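Colleague: pasting the structure only:
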C-alpha cells in the first residue's frame, strides 16, 4: 500500500513562536521516524505529508494515497483533532484512527463524560448500572464557581479540552472554594477564556489501558498502573515532561486488571473509537474503577509514549501495534 503520514511537528511550531507548553501535544521528528520505519518494514511505501496546510496543498494537486496514517493533533479550535479526518473524508481517502465526530467529542472531556453518563442503565427507581465516572461541572467564568456546591470536595480542576497535562499542576487538587477560585484564576492567566472542568477527585490508583481494534474487534493490549513518585499524584504538565524521574509504570495485578480492562473496552466501543488508543481509569474510594478520559490519538513514540510502553510490557512489539492499526483501518477501505 501507498501510505501517507500526516503529523504536527513541535519544531515547525516553535519556529513560528509558539511556547513549549503550546506545542506539548505535538510530535517530535523521532516519532515520525519510528512510524515510517515500521510501515516500511511491513512492506508499505510511505510519503511524509506533514500538517494540515501541506495536506491541503497536496490534495488540491490531486495527490492520492491508499491510506493516510494520521496523527495530526491540530492547533486551533475545539475540533482541531478532527480537521484532517474531515478533509480526508471530503476527498474520500481512508485514514487511520477515529472519525471527525469521535475526535471532536473526545477532545471535550465534559461532553465525553456526558455520553458516558448516558450509558448508565436504570435498573429500578434508585439503582443504576453502567460506566462509572466522577461527578463534574463546567466552569467558564467566575459566575460558575457556585456550580461546585453540588459536588463533594476535594475536586480536581483542569482545562476541558487540552491534553499532555497542560494547565495541570500540584494545585489542581482543591479542598475548598478559595483554592478552587485561586487555581481557576491561575489557569486563566496562561490560558485565557479556557473552559475548565471540575470533577470529584478520585483517591485511588491510576491505570491506563491500551486498546487495538474497532467495535467488536477491539481488544485490550493490557493494563498498566501509573505510580507517581512525587507529591503530585496525577498527570500534570511537569510530570509529563519529566516522567522518567517522577513516574514508574508497572503491570496491574490480574484481579484489578480484568475489571479495569472491561470498563476501558466498554467505554472505547460506546464512544466509537477506532484502530488504537488508550483509556485512562482511576479507582474511587471504594476501589471501583471509574472512567477518566480516552485518548483516541495516543502518542506513538517508540520509546517514550504510554501506548508503546504498555504494549512492550505485555509482550507486544512496536511493529505489531503499527501493523494492527493498519489492518484495522483496511477493513474500512472499499
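Modeller: Structure's in. What do you need? Since this is a predicted model, take the numbers as computed values, not measurements. Numbering: from 1, shown residues only.

Colleague: now the stretch 51-200 of the chain, which segments are flagged as low pLDDT?
Modeller: In the predicted model of the stretch 51-200 of the chain, residues 120-130, 164 satisfy pLDDT under 70.

Colleague: ranges for the helices of it?
Modeller: Remark: helices assigned in the stretch 51-200 of the chain by DSSP state H, counting those that start in this stretch are 52-60, 83-90, 100-107, 109-118, 177-190.

Colleague: run the chain-centre distance for stretch 144-163.
Modeller: When distances are taken as Cα atoms, centre = their mean, to the nearest Å, stretch 144-163 is centred 19 Å away from the chain's centroid.

Colleague: which of the residues in it are buried?
Modeller: Neighbour-count burial for stretch 144-163 flags 148, 151, 155-163 (criterion: 16 or more other Cβ atoms under 10 Å). Where C-beta positions appear, they are placed from N, C-alpha and C, glycine not excepted.

Colleague: looking at these, which is nearest residue 208?
Modeller: When the buried residues of stretch 144-163 are compared for distance to residue 208 (Cβ to Cβ), residue 163 wins out at 13.1 Å.

Colleague: count of residues packed around residue 86?
Modeller: Neighbourhood size, residue 86 [other Cβ atoms under 10 Å]: 14.

Colleague: cool, residue 57 as well?
Modeller: Other residues within reach of residue 57, judged by other Cβ under 10 Å, total 12.

Colleague: ok, it to residue 51 distance?
Modeller: Residue 57 sits 11 Å away from residue 51, going by Cβ to Cβ, to the nearest Å.

Colleague: same question for residue 84.
Modeller: Remark: distance between residue 84 and residue 51 (Cβ to Cβ) = 8 Å.

Colleague: mind listing the shared neighbours of the two?
Modeller: Listed contacts common to residue 84 and residue 51 are 6, 72; contacts here mean Cβ atoms under 8 Å, 6 or more residues apart in numbering.

Colleague: tell me which of these two has more neighbours.
Modeller: Here residue 84 and residue 51 are compared on neighbour count by other Cβ under 10 Å; more neighbours surround residue 84, at 27 against 20.

Colleague: surely that one is in contact with residue 6?
Modeller: Yes: Residue 84 lies in contact with residue 6 (Cβ atoms under 8 Å); the separation is 5.4 Å.

Colleague: follow-up on the earlier one: could you export the buried residues of stretch 144-163 as CSV, including distance to residue 105?
Modeller: Output for these, formatted as CSV (distance: Cβ to Cβ, whole Å):
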residue, distance to residue 105
148, 24
151, 23
155, 23
156, 21
157, 21
158, 18
159, 16
160, 12
161, 11
162, 15
163, 14
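
Colleague: surely residue 55 meets residue 85?
Modeller: No: if you go by Cβ under 8 Å, residue 55 and residue 85 don't touch, sitting 10.8 Å apart.

Colleague: how far away is the closest residue to residue 174 other than its chain neighbours from residue 226?
Modeller: Closest residue to residue 174 apart from its sequence neighbours, by Cβ to Cβ, 6 or more residues apart in numbering: residue 180 at 4.6 Å. Residue 180 is 25 Å from residue 226, where distance means Cβ to Cβ.

Colleague: same thing with residue 11?
Modeller: 28 Å.

Colleague: looking at these two, which is more packed in?
Modeller: More crowded of residue 11 and residue 226, by other Cβ under 10 Å: residue 226, with 22 against 11.

Colleague: show me the contact partners of stretch 313-331.
Modeller: Stretch 313-331 is contacted by residues 1, 3, 34-35, 38-39, 41-42, 44, 67, 69, 94-97, 210, 212-214, 217, 221-222, 224, 249, 251, 274-276, 300, 302, 307-308, 311-312 when judged by Cβ under 8 Å, 6+ apart.

Colleague: report the buried members of these.
Modeller: 3, 34-35, 38-39, 44, 67, 69, 94-97, 210, 212-214, 221-222, 224, 274-276, 300, 302, 307-308, 311-312.

Colleague: quick one: the strands in the stretch 101-250 of the chain, in order.
Modeller: Using DSSP state E, counting those that start in this stretch, the strands found in the stretch 101-250 of the chain span residues 121-124, 127-129, 136-139, 155-159, 173-174, 196-200, 206-212, 219-228, 247-251.
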